[in-house]
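Quick one, fold the following:
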Amino acid sequence: MFLRFLPIILYLALIVFGIYFMVRVIKFMDLKIKLDQERNKKIDEIIKDFKQDKSSK
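Next up is the predicted model:
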């Protein structure tokens, strides 16, 4: 009796895992984009400071 529903259960488990995986990837990418933007702002500030120091000498 249980073996009759085994393919359906495996299929549903695969779909649930796929949805979970996609949600985790999207959350990771959102965080990565935010951290990359912050890093780029810091690099821009460092470049500005470097150019100002270079031009003042």
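
For the rest of this, base every contact and every neighbour count on C-alpha atoms.
Fine.

Low-confidence bits of the protein, can you list those?
Segments of the chain classed as low confidence (criterion: pLDDT under 70) are 57.

now the helices: where do they sit in it?
Assigned by DSSP state H, the chain shows helices spanning 2-56.

Number of residues surrounding I43?
12 (other C-alpha atoms under 10 Å).

Please tell me how far it sits from Q37.
10 Å (C-alpha to C-alpha, to the nearest Å).

And for R24?
If you go by C-alpha to C-alpha, the gap between R24 and Q37 works out to 20 Å.

Check I26 too.
For I26, the distance to Q37 under the criterion C-alpha to C-alpha works out to 17 Å.

Over to M22?
Spatial separation of M22 from Q37 under the definition C-alpha to C-alpha is 23 Å.

cool, I19 as well?
Distance of I19 to Q37, computed by C-alpha to C-alpha: 27 Å.

just V23 next, same as before
V23 sits 21 Å away from Q37 when distances are taken as C-alpha to C-alpha.

Cheers, nothing more for now.
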